[in-house]
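This is a predicted model, with the sequence first.
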Amino acid sequence: MNETDGKDRPLTGIRVLDLTQFLSGPYATQILADLGADVIKLEPPQGDPIRVVPPHFAGDDSVYFLSINRNKRCIAVDMKQLPGRELVKRLALSCDIVMENFRPGVVGRLGLSSDALRKEKPSLIWCSISGFGQDGPYSNKPAYDMIVQALSGSMSLTGESGGAPVRAGIPIGDLAAGLYASLATLAALNRRHQTGLGDSIDISMLDCQVAMLCYQAAYYLHSGIAPGPQGRGHESIPTYGSFEAKDGIHIVITANTERMWQGLARALGHEEWLSDPRFTTNRERLANKKALWPLLEEAFRARNADQWIPILEREEIPVGVVNTLDRVMRDPQIVHRNMVLELENTGGRKASVAGNPMKFKDTAPEPQLYPRGLGADTAAVLKEVLDLSPYEIADLIRSKAIIAKDFEED
């Protein structure tokens, strides 16, 4: 990206055409941008719909938009017009990677199918993210995060036993699809280094959620028993869960081993539990969880959360407070790891967002560019990537095929 000095970032020299909107795709392309790729975010004239998602705004842009679009260049092109579609095709053929999250068939009807473009440029990597994938009985259905959480079964596992299904507090359906999309794209990029050939990648949000069922899926496939809501505990380990302390703050412990169980009993002041035949091993503790859990809950109510932490840590019991976000964002470990970023644009506007968890020892510090305005880089990108003249760019502006906030006509 020509605005940064991160010349040795892992993806420096890789250009990405980002046709995505909403959350899953922009999250994936932000990962690539954080890794140093030159990501060109292409939006319709009205902009990515998340630019106007309430309730929080910094200037004209929603904080939602700002949270997943840093380090990208933003251009605005009307793909409903033939000149716009021709521009998008030329841009795609000038990029290493194209990522889109339209409903299956939409880009094909615009004359921008991956098959057609990859015939012209076999090295092109095309990644499609959709709710249900490019084929199958659900492929043409619309999908959003909560829909795939529900259909995947993950909502049936979330919440307290006997209660209503609960969606995850973060949009895990969208975010998981974005993570898998970026991972698959990097795998295809590695293959291209070896063979010179690109690939077409099909990422389904529902597939990703089912993959993340992990051992819960395996438990069901082995036993035939569908697990229910997991609540505050763990299906296999009765001393893995959250407990309310005296001050009403919950703490989480993960006493997974026999050594940890013994340390937990000592920390809670109940060494008599160690000789109780109901609790001798994890198998007995699991079988007698209904008896053990109330004892643990009563014991934890004896002290405040911050009093329990050092006591449990002395016994080497993994423990943590269930933080609210105000506590997370000022947590010393989070601050030390630069997981709260303050972005600032050229006009002095600032926005704080969650940071990049990928840390590299031998590469330059990552750039942190404030998300750009709609059409802020259109003229620069068209000149640099497609070698368009000012006259050609002016014609496109007059025909309303593009919005170019950075264009100054001579």
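All right, it came through fine.

For the stretch 201-350 of the chain, which segments are assigned as helices?
205-211, 214-223, 258-267, 282-287, 289-300, 305-314, 325-328, 332-336 (DSSP state H, counting those that start in this stretch).

average pLDDT across the shortest one?
Regarding helix 325-328, the rounded mean pLDDT is 96.

and what of the fourth one?
When pLDDT is averaged along helix 282-287, the result is 95.

who's in contact with it?
236-239, 258, 261, 277-279, 292 (Cβ atoms under 8 Å, 6 or more residues apart in numbering). In this view, the C-beta of every residue, glycine as well, is placed from N, C-alpha and C.

swap the cut-off to 7 Å and go again
By Cβ atoms under 7 Å, 6 or more residues apart in numbering, the residues outside helix 282-287 that reach it are 236-239, 278-279, 292.

of these, buried ones?
The neighbour-count test (16 or more other Cβ atoms under 10 Å) marks 237-239, 279, 292 as buried among those.

and the two most separated of these?
Farthest pair in the buried ones among the contacts of helix 282-287 (Cβ to Cβ) is Ile237 and Phe279. Separation: 12.9 Å.

about what we covered before: so of the helices of the stretch 201-350 of the chain, which one's packed in deepest?
Mean neighbour count (mean count of other Cβ atoms under 10 Å) peaks for helix 205-211 among the helices of the stretch 201-350 of the chain, with a mean of 21.

That one packs against which elements?
Applying 3 or more Cβ pairs under 7 Å, 6 or more residues apart in numbering; DSSP states H and E, one finds that helix 205-211 contacts helix 145-152, helix 172-195.

related to what we said a few turns ago, could you redo the buried ones among the contacts of helix 282-287 as JSON lines and give each row pLDDT and distance to Tyr144?
Below are these laid out as JSON lines (pLDDT from 0 to 100; distance: Cβ to Cβ, whole Å):
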{"residue": "Ile237", "pLDDT": "92", "distance to Tyr144": "33"}
{"residue": "Pro238", "pLDDT": "91", "distance to Tyr144": "36"}
{"residue": "Thr239", "pLDDT": "95", "distance to Tyr144": "37"}
{"residue": "Phe279", "pLDDT": "97", "distance to Tyr144": "45"}
{"residue": "Leu292", "pLDDT": "97", "distance to Tyr144": "40"}
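
Using JSON lines, lay out the helices of the stretch 201-350 of the chain together with distance to Pro137.
Putting the helices of the stretch 201-350 of the chain into JSON lines (distance: least, Cβ to Cβ, whole Å) gives the following:
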{"stretch": "helix 205-211", "distance to Pro137": "12"}
{"stretch": "helix 214-223", "distance to Pro137": "20"}
{"stretch": "helix 258-267", "distance to Pro137": "47"}
{"stretch": "helix 282-287", "distance to Pro137": "39"}
{"stretch": "helix 289-300", "distance to Pro137": "40"}
{"stretch": "helix 305-314", "distance to Pro137": "49"}
{"stretch": "helix 325-328", "distance to Pro137": "39"}
{"stretch": "helix 332-336", "distance to Pro137": "43"}
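
Minimum distance to Phe102: which of those helices has it?
Nearest to Phe102, of the helices of the stretch 201-350 of the chain and by Cβ to Cβ, is helix 205-211 at 13.4 Å.

Report the distance from stretch 279-289 to the chain centre.
37 Å (Cα atoms, centre = their mean, to the nearest Å).

could you dump it to CSV, C-alpha only?
The C-alpha trace of stretch 279-289 is given here as CSV (Å, rounded to 0.1, in the frame of the first residue of the first chain):
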residue,chain,number,x,y,z
PHE,A,279,-15.2,-36.8,44.1
THR,A,280,-12.2,-39.0,43.9
THR,A,281,-11.5,-38.8,40.2
ASN,A,282,-13.0,-36.7,37.4
ARG,A,283,-15.2,-39.6,36.4
GLU,A,284,-16.8,-39.6,39.9
ARG,A,285,-17.0,-35.8,40.0
LEU,A,286,-18.8,-35.8,36.7
ALA,A,287,-21.2,-38.5,37.7
ASN,A,288,-21.9,-36.5,40.9
LYS,A,289,-21.9,-33.1,39.4
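
Gly320 against Val252, yeah?
Yes - counting by Cβ atoms under 7 Å, Val252 is a contact partner of Gly320 at 5.2 Å.

Minimum distance to Asp115: which of the helices of the stretch 201-350 of the chain has it?
Asp115 lies closest, by Cβ to Cβ, to one member of these: helix 205-211, at 21.0 Å.

Quick one: residues in contact with the closest one.
By Cβ under 7 Å, 6+ apart, helix 205-211 touches 24, 131-133, 143, 148-149, 151-152, 154, 173-174, 176-177, 180, 217.
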